[in-house]
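# I would like to see how this sequence folds:
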Amino acid sequence: MGGTANASTRAATRITTCATPRALHVQRQFRLPPLLVLLALGALLGGTPPAGATVVSWGAAVVAGREDLADLRAVSAGGYHTLGLRPDSTLVATGYNWFGQAAPPVAVRGLVAVSAGYLHSLALDAAGTVHAWGANDHGQGTAPPVGNGQRANTGHTAIAAGGYHNLALGAAGGVTAWGRDDFAQCSSAPAEGGFSAVAAGGFHSLALRADGSIVAWGRNDDGQCDVPAPNTGFVAIAAGWKHSLALRADGSVAAWGASDVGQLVVPSPNAGFVAIASGFDHGLALRADGSLAAWGRNDHGQGVPLSSNAFYTAVTGGLGHTVGLLKGGGADAWGLNDDAQCGLPVPNREFVVVAAGFAHSLALRTDGFVLAWGDNDLRQCEVPFPNAGFTSLAAGQSHSLGLRSDGTVAAWGNNADGQCTVPALPFPFTAIAAGGSHSLGLAAGGIIIAWGQAARGQTAVPAPNAGFVAIAAGGAHSMGLRADGSIAAWGSNVEGQCSVPEPNSGFVAIAAGWAHSVGLRDDGTLVAWGNNDDGQCDVPPPDTAWTAVSAGGRFSLALRDDATVAAWGSIGAGGQALPTANVRLKAISAGYNHALAAQSERLREGYDPDPPLPARPRLLPSFPNPFNAGTTITWELPAAADVRLRIHDLRGSLVRELVRGRYAAGRHHVTWDGTATDGRPLPAGLYLGRLETGAGHDFRSLTLLK
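The predicted structure is shown next:
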């Protein structure tokens, strides 16, 4: 153990988290003008980022793609997170981050080793300095104390992170131990030097002498400190939660301590091993040819390699997952992946929508495929078949919604309050929102349909139920944005989250958190109201140039026109407040204690900017959107075609024709500066971009700010 081996974008609302169905009253007689119906759909889609975006996560959860775990020099698996050391000596991390254990300090560079503990992390740099971060309730997240031959935090040669304590080896072979000490796992560390390796378990410690003998101390109720005789000839050590492993010079593995799940049953033949590692309750050993033997707990598949033909140079085990560095380069990760500690199971590219729930996440790819990860106790991550054709997503407390291109809604996860029982409609949905235990859908004509828990009135849409262009669902309240820029809010108002501040006008986007609300005005300023115990309603200065907003459990996010994100409130006990690379963000989504964003793939080396041709002509989301000085509109053609790209206002009037001519197959761009045909600056508001070709048409909404 611990060994090394969517956001609301101006009239397109991202919703967050918590909260017995009532009869649905649909005003079927009401009909908006056809263009406004299209605008409602365009408002939803217009806020999504363009193709070529990767998912980034921060706060209580951090995520990396499998490609981010490739070409690592070293890797270490902790409780629910994984650390990797890149060739450039920087860190990559993925998994649970409530205590910041997967968010290494920015200043940590020039590293030579990493070690992941239960809820904390260690790294060793080239100067022998130990860096520690994450949970610190027992001092395990701080630098080691001086003593036992060490006069300063420098000159260390090895590190080991355990359950709640750490070990470090000094240049003279002395052991430094710090952190939790209830079983003397730190205070009983040997005073002499001459050690060559250390290993930290749940509550016990191991140290290997240069002469091949082992010293063990700390908790011993399962015999994890009773080194088997003869205590000699050992060349490597590893410590699990309640058991210990050691590799002998003859290539055999010795195992002692707890054996309740087979953690001492080394596979036969017990010979020819060259390296060992231990997870919490499982053991790992590599043979000279790189083949892997695994034993012990296997409830999450952590003891079964992904392929019998895989060969590794190093392996590491966590609480319920295993990571191996492949001989040919790259990494395999398998086992428990509820917190993405094994990384995303598909390439992290071409995502266009992100949605963060209470403790799970969703991401939509350009081909309509939905990736789901995180807590799955109520099947909120089990996307229904067929996993295709989706155009938007929403994540609630423990349920998920997906909007398909045909206007139908798929719902999965917790349905105890009927939040996944989507009402059958004779007309399509154009937008979705998922709250605590209720759901909202925006139907053609600007009508809001609500279902799920209704105890707080969160499904009682106020009259007139018409003319809405965006929706948001919070913990136990709901919001709707009307075409005239006013906000309707209903449901729980205990914290004032439904009391929209005056003047209730000029809004272009909304977001609902657990018990607070945020609105974005057409001048780029924000208004936040409701619960403010953690400062989630204290918009940071300068309050200007905001382009998208999202509200989480006890924090808020907003995207600026320079494609950076700001966060305020509390995102978790020690969680990361902002993404490591706070640049080129194109969509945001706040969960209860974590956040997601889609980030331009231009940050990644090797990104291919030439995607495959689409099946039909289509408009991609413009960027930035909302915009002020100008926005880039992108379209794709499956074949050469005559193209017209025009801008309409809310009444359907043509205000500008941007493109008229023949274009080749592929992707094309044009910039619109927000002016009319005669060069006159247009007023702030919602506009519709419409692509017309002989093979079909498409549309996207655009929000102009002043």
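
# so residue 323 touches residue 69, yeah?
Yes - between residue 323 and residue 69 there is a contact under C-beta atoms under 8 Å: 7.4 Å. C-beta coordinates here come from the backbone N, C-alpha and C atoms, glycine included.

# what touches both of the two?
Counting by C-beta atoms under 8 Å, 6 or more residues apart in numbering, the shared contacts of residue 323 and residue 69 are 75, 82, 331, 333.

# secondary structure element for residue 362?
strand 360-365 (DSSP states H and E).

# what pLDDT, on average, does that strand get?
For strand 360-365, mean pLDDT is 94.

# from the shared contacts of residue 323 and residue 69, which is closest to residue 685?
Nearest to residue 685 among the shared contacts of residue 323 and residue 69, counting by C-beta to C-beta, is residue 82 at 46.9 Å.

# Parallel or antiparallel, list what pairs with the strand or helix carrying that closest one.
Secondary-structure element containing residue 82, defined by DSSP H and E: strand 81-85. Pairing partners of strand 81-85, with direction, according to DSSP bridges: strand 74-77 (antiparallel), strand 91-96 (antiparallel).

# Which one, of those strands, ends up nearest to residue 200?
Comparing the strands paired with strand 81-85 by C-beta to C-beta, strand 74-77 comes nearest, at 11.7 Å.

# Confirm that residue 89 lies within a helix, as I assumed.
No - the assignment for residue 89, made by DSSP: H, G, I helix; E, B strand; the rest coil, is coil rather than a helix.

# when you give positions from now on, start the count at 43
In the new count, where the first residue is 43, that last one comes out as residue 131.

# what's the distance between it and residue 718?
As judged by C-beta to C-beta, to the nearest Å, residue 131 and residue 718 stand 55 Å apart.

# residues contacting the spatially most distant residue from the centre of the chain?
Relative to the centre of the chain, and counting by C-alpha atoms, centre = their mean, the farthest-placed residue is residue 272 at 48.4 Å. The contact partners of residue 272, by C-beta under 8 Å, 6+ apart, come to none.

# Compile the strands paired with strand 123-127 into a markdown table and extend it with columns for distance to residue 234 and mean neighbour count.
Converted to a markdown table, the strands paired with strand 123-127 look like this (distance: least, C-beta to C-beta, whole Å; neighbours: other C-beta atoms under 10 Å):
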| stretch | distance to residue 234 | mean neighbour count |
| --- | --- | --- |
| strand 116-119 | 27 | 27 |
| strand 133-138 | 33 | 25 |
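
# closest to residue 611 out of those strands?
Closest approach to residue 611 among these is made by strand 133-138 (20.4 Å; C-beta to C-beta).

# Could you list the residues in contact with that closest one?
Taking C-beta under 8 Å, 6+ apart as the rule, strand 133-138 contacts 102-106, 110-111, 114, 120-128, 143-146, 150, 153, 156, 161, 163, 165, 381-385.

# same check, this time on stretch 441-449
86, 397, 399, 402, 404, 406, 410, 412, 414, 420, 422-423, 425, 431-437, 451-457, 461-462, 469-476, 479, 481, 486.

# Filter those down to the buried ones.
Among the contacts of stretch 441-449, the ones that count as buried by 16 or more other C-beta atoms under 10 Å are 86, 397, 399, 402, 404, 406, 410, 412, 414, 420, 422-423, 425, 431-437, 451-457, 461-462, 470-476, 479, 481, 486.

# Give the bridge partners for residue 661, please.
Bridge pairing for residue 661 - DSSP bridges - gives residue 677.

# Distance-wise, check it relative to residue 486.
Relative to residue 486, residue 661 is positioned 19 Å away (C-beta to C-beta).

# go on, residue 715?
32 Å.

# where are the low-confidence patches of the stretch 643-748 of the chain?
Judged by pLDDT under 70, the stretch 643-748 of the chain has its weakly predicted residues at 643-654, 665-666, 748.

# Same question for stretch 609-629: list its buried residues.
When burial is assessed from 16+ other C-beta under 10 Å, stretch 609-629 yields the following buried residues: 609-614, 616-621, 624, 626-629.

# so residue 681 makes contact with residue 707?
Yes - assessed by C-beta under 8 Å, residue 681 is found in contact with residue 707 at 4.9 Å.

# Spell out which residues are contacts of both of these two.
In contact with both residue 681 and residue 707: residue 655, using C-beta under 8 Å, 6+ apart.

# before we move on, the earlier item: ranking the shared contacts of residue 365 and residue 111 by neighbours, who comes first?
residue 124 (33 neighbours; other C-beta atoms under 10 Å).

# Dump the C-alpha coordinates for stretch 537-557 into CSV.
Taking C-alpha atoms only, stretch 537-557 is exported to CSV below (Å, rounded to 0.1, in the frame of the first residue of the first chain):
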residue,chain,number,x,y,z
GLU,A,537,-32.7,30.2,2.3
GLY,A,538,-34.2,32.8,0.0
GLN,A,539,-33.1,30.9,-3.1
CYS,A,540,-36.3,31.6,-4.9
SER,A,541,-36.4,35.3,-4.0
VAL,A,542,-35.0,36.8,-7.3
PRO,A,543,-33.4,40.2,-6.6
GLU,A,544,-34.9,43.3,-8.3
PRO,A,545,-34.7,44.3,-11.0
ASN,A,546,-35.8,40.9,-12.3
SER,A,547,-34.9,41.6,-15.9
GLY,A,548,-32.0,41.4,-18.3
PHE,A,549,-31.0,37.9,-17.4
VAL,A,550,-29.5,35.7,-20.1
ALA,A,551,-28.4,32.6,-18.0
ILE,A,552,-29.3,30.9,-14.7
ALA,A,553,-27.9,28.3,-12.4
ALA,A,554,-29.3,26.5,-9.3
GLY,A,555,-27.2,25.2,-6.5
TRP,A,556,-28.2,23.2,-3.5
ALA,A,557,-29.8,26.1,-1.7
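
# List the buried residues for it?
537-540, 542, 546, 548-557.

# One more: stretch 163-178?
Within stretch 163-178, the residues scored as buried using 16+ other C-beta under 10 Å are 163-167, 170-178.

# With stretch 635-645 instead?
Neighbour counts over stretch 635-645 (16+ other C-beta under 10 Å) mark 635, 636, 637, 638, 639, 640, 641, 642, 643 as buried.

# which residue sits closest to the one residue sitting closest to the centre of the chain in space, ignoring its chain neighbours?
Centroid-nearest residue in the chain, with C-alpha atoms, centre = their mean: residue 99, separated by 3.4 Å. Using C-beta to C-beta, 6 or more residues apart in numbering and skipping residues adjacent in sequence, the residue nearest residue 99 is residue 105, 4.1 Å away.

# List the contacts of that neighbour.
Counted by C-beta under 8 Å, 6+ apart, residue 105 has contacts 97, 98, 99, 136, 382, 385, 386, 390, 403, 415.

# could I get the residues you listed as JSON lines with distance to residue 513?
JSON lines is the format used below for the contacts of residue 105 (distance: C-beta to C-beta, whole Å):
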{"residue": "97", "distance to residue 513": "24"}
{"residue": "98", "distance to residue 513": "26"}
{"residue": "99", "distance to residue 513": "24"}
{"residue": "136", "distance to residue 513": "32"}
{"residue": "382", "distance to residue 513": "28"}
{"residue": "385", "distance to residue 513": "33"}
{"residue": "386", "distance to residue 513": "28"}
{"residue": "390", "distance to residue 513": "29"}
{"residue": "403", "distance to residue 513": "20"}
{"residue": "415", "distance to residue 513": "25"}
